[in-house]
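K.L.:
based on what follows, work out the 3D shape:
(one chain, ligands or ions: 2)
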Amino acid sequence: MNISTLPDGLSRLRFDNRFTRELPADPETGSNRRQIRDACFSRIQPTPVVAPQLVAYSAEVADSLGLSVADCESAAFAEIFTGNRVLADMDPHATCYGGHQFGNWAGQLGDGRAINLGEVITPDGARQVLQLKGAGPTPYSRSADGLAVLRSSVREFLCSEAMHHLGVPTTRALSLTLTGEQVMRDMLYDGHPALEPGAVVCRVAPSFTRFGHFQMLAARGEIELLRKFLHFTLEVDFPHLLAQHEAGSREVVLAWFAEVCERTAEMVAHWMRVGFVHGVMNTDNMSVLGLTIDYGPYGWLEDYDPDWTPNTTDAAGRRYRFGHQPAVAQWNLLQLANSIYPLVEDAAPLEEHLRGFEIRYMSRWQDMMAAKLGLKAFERTDAVLLETLESVLQLAETDMTLFFRNLAELDPTMLQRPAELMDPLLPAYYLPDQLTDEVRSEIHAWLAAYLQRVGDDRQAPELRRARMNGANPRYVLRNYLAQLAIDKSESGDYSVVHELLQVLRQPYADQPGKEAFAEKRPDWARTRVGCSQLSCSS
Ligand code: AMP
Ligand code: MG
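P.N.:
Ligands and ions are numbered 1, 2, ... in the order given. You can find the predicted model right below:
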């Protein structure tokens, strides 16, 4: 196929591949597994597949790249975004990074099944990297195949778009395609491998630079390349810092680290706001831009349980449990600090920024909690109210999303009718039998204290409700909803993927007719694999 047969938008994609132009390449090509030195990436072509087929695409991401509906629905689009067709100005490559997995240094990891096609300059001048996930082996695939299955690709595609619309910083997803190939996976790692449909997601982000990129260069002792890579990152992703500080100075390195700390605090505060559990917060899965990245065995809190982790590999230590995410983020930042230490040679300011993370996180979390509760602002005295809430949410199995959303239906005038106070919240409780008199009276006492506080705020009720409904989503990608979309997709019916994609575009709006997507987890999903437990196999 020559360029003239490309649909308009696709032929107009403008590439400017700075990563491969400005950073040193591994001299070897091909997917032969290897450790590299003195280089940041390896050129590698995606592996052709038998029958590319589009399953879904994000209209907003497409639009931001200048692609129309016709472009996305063209045969060329499916060919390009499964990796069958590489455009002339692309420069496909896999990048090299390392990381700490579950707290242990794992050495070289790298893009084992991600291939960056190139960097697009969008019609409004932004830089966006197009990255295929599941397009075949790379030098960094280690013992794995470089492929992805439909199950995990549906989860990544839907969740990254859902997170964006929830206002959580995230990488985006342009497309979800089938390859027409079958991929062998042992989903539960229990000796029962089975064939599953192969799929590719095209992810989109200004860059996919991870903490682990810096860690790898530091671990190899390639300090000059580390310096160069950091300067590259500043130029591409943090140009405002180079406008304020001298290039190559210690100050600019420290200002950058401070900003990574801030962005990470912001991201994790959002996760806590919406009830998202990443599941594998290894340092190779942390973006320096503070974007949620690598959707694997993530999950959404159903009943509020700060100790919950969706990842079966994490079941023993629960390192990545919901309530531990801020502390893990800080630990990960400490590893990043260690890796850039040679460029600073002074631990004190790095330690100060690490403490700054804590302060920043706490203040963002308090702001968000104030918004969730519809308070004008967080006051010091609210700490007790929040602490009590934390235990009230654990008295009985309480759906986090429904609890907060429905809380907006209460107002201080209801203090006059105490018997009805809990009514709006009843849908949030999974097991009505757990609501004993004792439990009810504890919940009641908190609600009364809360409404008293709301009364003191003297805010117009509509304003308070609007503030709450903007912080407490009606719709999130509940674990069982993703699984329903997967079950249907595996039988060739993609309607649930499309419907969820549509509903999750407006997570804060009550959508008449879509109530079913806001319901708490049905009983069948309580223990079902894929709904309550996820493995890393994907
Ligand atoms: P993760 O825990 O999914 O972030 O993956 C850790 C490392 O394993 C990364 O280097 C991935 O690229 C690599 N990896 C995961 N799955 C595969 C696969 N199916 N094929 C090749 N590499 C993989
Ligand atoms: Mg990863």
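K.L.:
mind checking pLDDT for the residue sitting nearest the centre point of the chain?
P.N.:
In the chain, the C-alpha nearest the mean C-alpha coordinate belongs to residue 292, at 3.1 Å (CA atoms, centre = their mean). Note on residue 292: pLDDT of 99.
K.L.:
right, and it touches residue 277 too?
P.N.:
No: the pair residue 292 and residue 277 fails to qualify as a contact (CB atoms under 8 Å) at a distance of 11.3 Å. The C-beta positions use only the backbone N, C-alpha and C, and glycine is treated the same way.
K.L.:
so what's residue 292 up against?
P.N.:
For residue 292, the contacting residues are 160, 163, 168-171, 267, 271, 276, 278, by CB atoms under 8 Å, 6 or more residues apart in numbering.
K.L.:
let me fix that: residue 153
P.N.:
Applying CB under 8 Å, 6+ apart as the definition, the contact partners of residue 153 turn out to be 133-134, 176, 199-201.
K.L.:
please apply the same query to residue 40.
P.N.:
Contact analysis of residue 40 by CB under 8 Å, 6+ apart lists 19, 23-25, 95-96, 213, 217, 225, 229.
K.L.:
and for residue 147?
P.N.:
With contact taken as CB under 8 Å, 6+ apart, residue 147 is in contact with 113, 134, 136, 179, 181, 183, 198.
K.L.:
sec struct for whatever residue of the chain ends up closest to ligand 2, please.
P.N.:
In the chain, the residue that lies nearest ligand 2 is residue 294 (4.0 Å; CB to the ion). Local secondary structure at residue 294 is given as coil here, using DSSP: H, G, I helix; E, B strand; the rest coil.
K.L.:
list phi and psi for the spatially closest residue to it that is not a sequence neighbour.
P.N.:
With sequence-adjacent residues excluded and distances taken as CB to CB, 6 or more residues apart in numbering, residue 294 is closest to residue 285, at 4.3 Å. Residue 285 adopts backbone torsions of phi -110, psi 20, taken as degrees, to the nearest 10.
K.L.:
so what's the residue count around residue 285?
P.N.:
Applying other CB atoms under 10 Å, we find 21 residues neighbouring residue 285.
K.L.:
show me the contacts for it.
P.N.:
Taking CB under 8 Å, 6+ apart as the criterion, residue 285 is in contact with 99, 210, 278, 293-294, 296.
K.L.:
for the residue in the chain that ligand 1 sits nearest to, what are its contacts?
P.N.:
The nearest approach of the chain to ligand 1 comes at residue 112, 2.4 Å away (CB to the nearest ligand atom). Residues in contact with residue 112 (CB under 8 Å, 6+ apart) are 94, 137-138, 140-142, 144, 146.
K.L.:
closest one of the contacts of residue 153 to residue 351?
P.N.:
When the contacts of residue 153 are compared for distance to residue 351, the smallest value, 35.8 Å, is given by residue 133; criterion: CB to CB.
K.L.:
which phi and psi values does that closest one adopt?
P.N.:
Phi and psi for residue 133, reported as degrees, to the nearest 10, are phi -110, psi 120.
K.L.:
my guess is it meets residue 203, correct?
P.N.:
Yes: taking CB under 8 Å as the definition, residue 133 is a contact partner of residue 203 at 5.9 Å.
K.L.:
tell me how many other residues crowd residue 418.
P.N.:
Each residue near residue 418 was counted by other CB under 10 Å, and the total is 11.
K.L.:
just the pLDDT for it.
P.N.:
Turning to residue 418, the model gives it a pLDDT of 89.
K.L.:
same deal with the one 10 residues further on?
P.N.:
Reported pLDDT at residue 428 in the predicted model: 98.
K.L.:
how many other residues sit next to the closest residue to residue 520 other than its chain neighbours?
P.N.:
With CB to CB, 6+ apart as the criterion, residue 520 has its nearest non-adjacent residue at 4.3 Å, and that residue is residue 399. Residue 399 sits with 24 neighbouring residues when counted by other CB under 10 Å.
K.L.:
what's the closest of the contacts of residue 40 to residue 364?
P.N.:
Taking CB to CB as the measure, residue 364 lies nearest residue 213 of the contacts of residue 40, at 25.6 Å.
K.L.:
look up how far residue 157 lies from the closest residue to residue 156 other than its chain neighbours.
P.N.:
When the adjacent residues along the chain are set aside, residue 156 lies closest to residue 295, with 4.1 Å between them (CB to CB, 6+ apart). For residue 295, the distance to residue 157 under the criterion CB to CB, to the nearest Å works out to 9 Å.
K.L.:
run a quick neighbour tally on residue 27.
P.N.:
Taking other CB under 10 Å as the definition, residue 27 ends up with a neighbour count of 10.
K.L.:
can you classify it by secondary structure?
P.N.:
Each residue gets one of three states, and residue 27 gets coil by three-state DSSP.
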